[in-house]
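A.B. asks: Dropping a prediction and its sequence here:
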Amino acid sequence: MSSPEHSVFVCSATGFQGGAVARRAREIGWNVHATTRDLTSQPAMAMKSIGVHLNECDWDNLAVLRDTIQGCDKLFLCLTINWDDLSCELRQCRDILKIAKEAGVKQVVSSTTLGVSMLDSEIGVYPGSFMEKHMINKKAIEQAVEDCGFDHFTFLRPTFFMANFIEPKVSRYAEIRDKRSWTTSMTPETQLPIVDHEDIAKFAMSAFQDPVAFHGHAISLASDQLRVQEILDLLAEAAGQPGSVRAYFLTDEEVEAQASTSGFSDSHKVLRYASEYVDLEKLRATVQLTSFREYLERHLEAVRLTFPHP
């Protein structure tokens, strides 16, 4: 039997993006290496069941990371923010990149955020806000990848996740789940680009399989684009409760009043302009995108668990 064509180290393989990349890589017979903090967790067991090589550690355990990345020629870099230490993500990124470079990794596909595309624009991001810090952090991660001198690299910049509307990610937007409402500083006319993590994985694998064509590209990713109330209507319909989830739009004055709080009002104001950075037709020319309706149908059980009938 011939050996696998490639071996890829996948960050966050027990999460949404990393898990989708790991599954697609295994489907074409590639070796997949990853780490998890708990080998007995359900996501870890699911990864092991499809042949992912898992070691137990966190991203600060450099010795285990070296052992896990050894022999890989590709890296899917997808890190999560540490709410208690905003410097943690970039520090861990640099550690992983250094180990990957020393191990002989030739190509990196890094998932960051659409906010990197927006950071240097004229859009007002509140100084010191969560959104500004998040954008700056992700931009620094991209720069760290570029500075390492890998043969090929690609940046994927996803926008708002479809998964944010159902468990477990909906906890960040608990008002939608608990009150069947969404108070936002977007407007009724805002076209919000939303992305399915499976589509992120499609682009990651496209880049991995054609590193030359995707080298140096920064791709703003979305799967669908809808007005806020249209999104909530589809969500309520999938839950079997049409019209039960409503959007409430803050005025600019209300947004300004909340700008210094820990909420997401300033983030949502930035999202008013996110559609300007996404070209859905161009994206569709590369992979088959998932509509929000299709996403909800695929996750219908989770939708109905998130929004049980009163």
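C.D. replies: Sure thing, it's come through.
A.B. asks: Can you name the residues that contact the closest residue to Thr113 other than its chain neighbours?
C.D. replies: Nearest residue to Thr113, sequence neighbours excluded (Cβ to Cβ, 6 or more residues apart in numbering): Lys138, at 4.7 Å. For every residue, glycine as well, the C-beta is placed using N, CA and C. The neighbourhood of Lys138, defined by Cβ atoms under 8 Å, 6 or more residues apart in numbering, consists of Thr112, Thr113, Gly115, Val116.
A.B. asks: Restricted to strands, list these.
C.D. replies: Using DSSP state E to define strands, no part of those is located there.
A.B. asks: State the pair within the residues you listed that is farthest apart.
C.D. replies: Across the contacts of Lys138, no pair lies farther apart than Thr112 and Gly115, at 8.0 Å, counting by Cβ to Cβ.
A.B. asks: Please identify every residue contacting each of these two.
C.D. replies: Jointly contacting Thr112 and Gly115 under the rule Cβ under 8 Å, 6+ apart are Lys138, Arg157.
A.B. asks: State the helix or strand in which the residue nearest to Thr113 lies.
C.D. replies: Assigned by DSSP states H and E, Lys138 belongs to helix 130-147.
A.B. asks: The helix or strand just after that helix pairs with which strands?
C.D. replies: Where DSSP H and E defines the elements, the next helix or strand beyond helix 130-147 is strand 152-158. On the basis of DSSP bridges, the sheet neighbours of strand 152-158 come out as strand 107-111 (parallel), strand 218-221 (parallel).
A.B. asks: Point out the most buried one among these.
C.D. replies: Mean neighbour count (mean count of other Cβ atoms under 10 Å) peaks for strand 107-111 among the strands paired with strand 152-158, with a mean of 26.
A.B. asks: List the contacts of that strand.
C.D. replies: Applying Cβ under 8 Å, 6+ apart, the external contacts of strand 107-111 come out as 17, 73-78, 97, 100, 141-142, 145, 148, 150-158, 200, 204, 207-208, 211, 214.
A.B. asks: average pLDDT across that strand?
C.D. replies: Here strand 107-111 scores 98 as its mean pLDDT.
A.B. asks: and if you look at stretch 171-185?
C.D. replies: Taken as a whole, stretch 171-185 has a mean pLDDT of 93.
A.B. asks: Span of it from start to end?
C.D. replies: 19 Å (Cα to Cα, to the nearest Å).
A.B. asks: Check stretch 63-77 too.
C.D. replies: 18 Å.
A.B. asks: Around His134, count how many other residues there are.
C.D. replies: Applying other Cβ atoms under 10 Å, we find 20 residues neighbouring His134.
A.B. asks: ugh, typo on my part, it should be Glu102
C.D. replies: For Glu102, using other Cβ under 10 Å, the count is 11.
A.B. asks: That one: which element?
C.D. replies: Applying DSSP H and E as the criterion places Glu102 in helix 88-103.
A.B. asks: For the strands paired with strand 152-158, give me JSON lines that also has distance to Val170.
C.D. replies: Converted to JSON lines, the strands paired with strand 152-158 look like this (distance: least, Cβ to Cβ, whole Å):
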{"stretch": "strand 107-111", "distance to Val170": "21"}
{"stretch": "strand 218-221", "distance to Val170": "21"}
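A.B. asks: Thanks a lot, catch you later.
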